[in-house]
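Colleague: fold the following and give me the result.
(chains A and B)
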Amino acid sequence: MTLPFHPRWIGWVLAALTVLFVSTASTQTGIARDEMVYFGAGDTYADWWIGLVTFDHGAGKESITKSFGGPGATDHNREHPPLVKTLSGLSHRLFHGKLGMNELVAYRLPGALLWGLLVLLVFTFTLEIWGPLEATTASLLTLFLPRALFHASLACFDAPIAALWFASIYAYWRCLDGRRVPWLAGVVFGLALATKHNALLLPFALGGHYLYAGWLDGRWKGLVLYRWRVILSFLILAPLTLVAVWPWLWFDPYPHVKQWIEFHLNHVHYNFEYLGTNYNAPPFPWHVALVTTLFTVPVVTLVAAAIGGVVWFRKRREVSDVLSQTATGRAPGVLLILSAIASIGPFVLGSTPIFGAEKHWMPALPSLCIAAGVGVAWVARVFAHGLLDRARIAVTSATVAVVVLAAAVESATALPNALTWYNALAGEAPGGADHGMNRQFWGVAARDALPVLAKVAGKKQMRVYSHDASPAWGYYQKLGLLPKNLPDAGPEQQGINGSQLAIVVHEKHFNRHDYMIWSSYGTVQPIAVIRVAGVPVVSIYRRPE
Amino acid sequence: MSPLQRRYLSLAVGGLLVLVALWEIVAARVQTSRVPDDGAWKQAAALVRKEWQPGDLVVFAPDWVDPVGRMHLGDLLPIEAAARPHIMGYPRIWELSIRGAHTKDLASLPVEVDTEIAGIQVRRLKNLPMEKLADTFELLPQAKFEGGGASLVLAEVGFAPHRCIQAVPAPSGKPLRITFPSLPAGLVATSAGLADVFKRRTYRHPAKLDVEVAGKVVASLAPGIATGWTHAPPFTHPGGPLTFVLTADQPERLVCFAAQVWKR
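Modeller: Now for the predicted structure:
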């Protein structure tokens, strides 16, 4: 079938839909604890850049340190590179400050845009290798990844690094076509580095693929000379890009980079529940990433990816032939496999922190979704084989639709508290709880407790022990989601003792907060329990009068 | 493989994918609606309240539904009962459970009542009637200390609540001795664990708790980072002084223990 328009338009439409979906979802998502830090840092970074280009200040060491650094390891959030925070800050200044957009959505917009970019790139990459049917399906399955959709709706780095990781993969792959100035590869990788430290794992995928493709192309000589300009692009443009967007590296770059990397090599292990056990120190089970992925990606996407993997392997020569018309030896299948392995591999070691679960290896998901797109398209063609035009189109569309619908239903079920959600194989949220999988983190679900607290308090002034939502408390009030007569009572036992209302965000290691409240309130009875599909996420207590 | 066989295999694989998709669409909806709602809990709670007798205990399973159970029946559950050391002393125990889960501690008890109300299984189990003669938690002010002190706390041990005596032995290995000068004769049940999830993360070595009668160790526990709340085999105390000896080789081992004397 010939489309009456260039198939790339489909990718753009899907990307736009993605941005719309994610932005809409972000209006319902509670504020993650870490987001509060990123909001503040983003505003500071944005103001600094605005001040620089309006000649309010120069680029001196003192001015940069005031906005981007400091002596402490986490001063101005210098342990994380600045790209997404800067974009969030600029978005906040522009879309909220100038255009009146919802403040939360404005901060979170860059994440939504980058997730739209990922959907577009998945489409484009798949289109170049396979065709519009595979590309459309792969993109839709990328869009309907429930956990990823949730992460994309936050002003954090996990969805953006997944997007820029894949953008780096794609840019590198495009630059293998023999172009004279493959600047794109280096610049995009630099942007990935400026997003999150996961990007430091990318060279394992890219380097592995380069050696493989180089060997195919020219044996020993090819290992170095295959596309040597791409290597130069990575070596020169990537660090330059990173430095360009991160003023903290404009002076003392070596110690600052060292401190950044050391921070993550020595990162504290937060508590995380997995299969009924609370882990907060290595060794972690080798299968955490595999089981978690098995439970947090729609089952239909996993099955389709398995089919697609087999189809891809069986048709690998065909795929190679298609490519040979434009470039030789670009081996996209191997690149996607290496990308997934580099992203998820460290979590098999048993020593890499697991506290973020799937968000830490989200860059592996585009590989899975592309394979799934190939699998679904193959199945659709099997069903449509031998049918006449209209019937063929109908059968093909129906096959894709039913698969995508399953993933969409999972996404709709998951949001806005997708960290509590698990797929149908796990038994959804209740099944995840039965299996002892992590309930949530970052205190996002506390947002659902706000209307209950407001109703209980009425006009009365009541101090609230806000537990894990404490950093966001003032912001909820600023956004009008919580009345001003419910101030935060402060942290730990002292805060509880001075409170009239208290919430506990349920995670296994947070049980102690229940017990502190029992001691102070003299009762074990919450007045309300917020649930997701029946699974408790927040308990609300009121001090007996 | 012949082309026809290949075609059938392909159709089977395709059929599997479509079946998985259809199943997932239905399962996502069905599985999320299978947890009993507040209406069900109210009905189950009404049954328990109707039959409730002083001295009864109510528990909920699985653990994750505990907050919902407490919301509906928490007024029947004093802190002492919620943070109990074990189930001894409760002649009748109500268990409200969902999704086929049950409380491990109750596995050996005979069931007197077993009914299901809107997805909630309500069971009443019969426990051995036991009379508590003494509780170290209440007698701590009378205790004598060597090598440190102790306090009464409601602590998180193994992610569960426990009212206990909390003591921190010196990391040098020097024992901290807590002696209760005159406990009555009877069966002594001792339980212990390490409190505070963050301390357990920082320091990984177990502590040791020995129970001595007349200088002889009669029970011993080694509470560690993964042992949770553990119980020593009960022993018969002839009456008189009983000493708890705590040792550790790392700092901040928050050893929490509880011991009661029961009439046999």
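Colleague: and B:Cys256, helix, strand or coil?
Modeller: Here B:Cys256 is strand, with the state taken from DSSP: H, G, I helix; E, B strand; the rest coil.
Colleague: could you find the closest non-adjacent residue to it?
Modeller: Nearest residue to B:Cys256, sequence neighbours excluded (Cβ to Cβ, 6 or more residues apart in numbering or on different chains): B:Cys164, at 3.8 Å. (C-beta placed from N, C-alpha, C; glycine too.)
Colleague: A:Ala489 reaches A:Ile517, doesn't it?
Modeller: No: look at A:Ala489 against A:Ile517 with Cβ atoms under 8 Å: they stay out of range, at 11.2 Å.
Colleague: ok, the two, which is more surrounded?
Modeller: A:Ile517 (25 against 21; other Cβ atoms under 10 Å in any protein chain shown).
Colleague: in a strand, B:Met88, correct?
Modeller: No: the assignment for B:Met88 (three-state DSSP) gives coil, which keeps it out of a strand.
Colleague: contacting residues around it?
Modeller: Residues in contact with B:Met88 (Cβ atoms under 8 Å, 6 or more residues apart in numbering or on different chains) are B:Asn127, B:Leu128, B:Met130, B:Lys132, B:Ala189, B:Gln260, B:Trp262.
Colleague: A helix includes B:Val188, no?
Modeller: No: if the criterion is three-state DSSP, then B:Val188 is strand and not within a helix.
Colleague: give the contact list for it.
Modeller: B:Val188 neighbours (Cβ under 8 Å, 6+ apart): B:Val211, B:Ala219, B:Pro234, B:Phe235, B:Thr236, B:His237, B:Leu242, B:Ala259, B:Gln260, B:Val261, B:Trp262.
Colleague: from B:Glu131, how far out is the fourth one?
Modeller: Just to be clear, that refers to B:Phe235. To B:Glu131, B:Phe235 is 18 Å away according to Cβ to Cβ, to the nearest Å.
Colleague: who's more crowded, the two?
Modeller: Taking neighbours as other Cβ under 10 Å, B:Phe235 and B:Glu131 compare with B:Phe235 leading, 13 against 10.
Colleague: quick check on that one: phi, psi?
Modeller: phi -130, psi 160 (degrees, to the nearest 10).
Colleague: how about B:Arg177?
Modeller: Per-residue torsions, B:Arg177: phi -110, psi 130 (degrees, to the nearest 10).
Colleague: and A:Ser139, what is it in contact with?
Modeller: A:Ser139 makes contacts with A:Ile10, A:Gly11, A:Leu14, A:Ala15, A:Val119, A:Leu120, A:Val122, A:Phe123, A:Thr126, A:Cys369, A:Gly373, as judged by Cβ under 8 Å, 6+ apart.
Colleague: restricted to helices, list these.
Modeller: Among the contacts of A:Ser139, the ones falling in helices (DSSP state H) are A:Ile10, A:Gly11, A:Leu14, A:Ala15, A:Val119, A:Leu120, A:Val122, A:Phe123, A:Thr126, A:Cys369, A:Gly373.
Colleague: ok so, going back, got the contact list for the residue nearest to B:Cys256?
Modeller: For B:Cys164, the contact set (Cβ under 8 Å, 6+ apart) comprises B:85, B:137, B:152-153, B:155, B:157, B:191-193, B:195, B:256-258.
Colleague: hmm, try it at 7 Å
Modeller: Applying Cβ atoms under 7 Å, 6 or more residues apart in numbering or on different chains to B:Cys164 gives the contacts B:Phe137, B:Val153, B:Ala155, B:Cys256, B:Phe257, B:Ala258.
Colleague: any idea which residue of the stretch 151-264 of chain B lies closest to chain A?
Modeller: Of the residues in the stretch 151-264 of chain B, the one nearest chain A is B:Glu156, at a distance of 3.8 Å by Cβ to the nearest Cβ.
Colleague: next, count neighbours for the closest residue to that residue other than its chain neighbours.
Modeller: Nearest residue to B:Glu156, sequence neighbours excluded (Cβ to Cβ, 6+ apart): A:Arg512, at 3.8 Å. For A:Arg512, the count of nearby residues is 20 (other Cβ under 10 Å).
Colleague: where's A:Arg512, which helix or strand?
Modeller: According to DSSP states H and E, A:Arg512 maps onto helix A:511-521.
Colleague: what are the ranges of the strands in the stretch 1-150 of chain B?
Modeller: Assigned by DSSP state E, counting those that start in this stretch, the stretch 1-150 of chain B shows strands spanning B:57-61, B:92-97, B:111-117, B:120-126, B:131-135, B:144-146, B:150-157.
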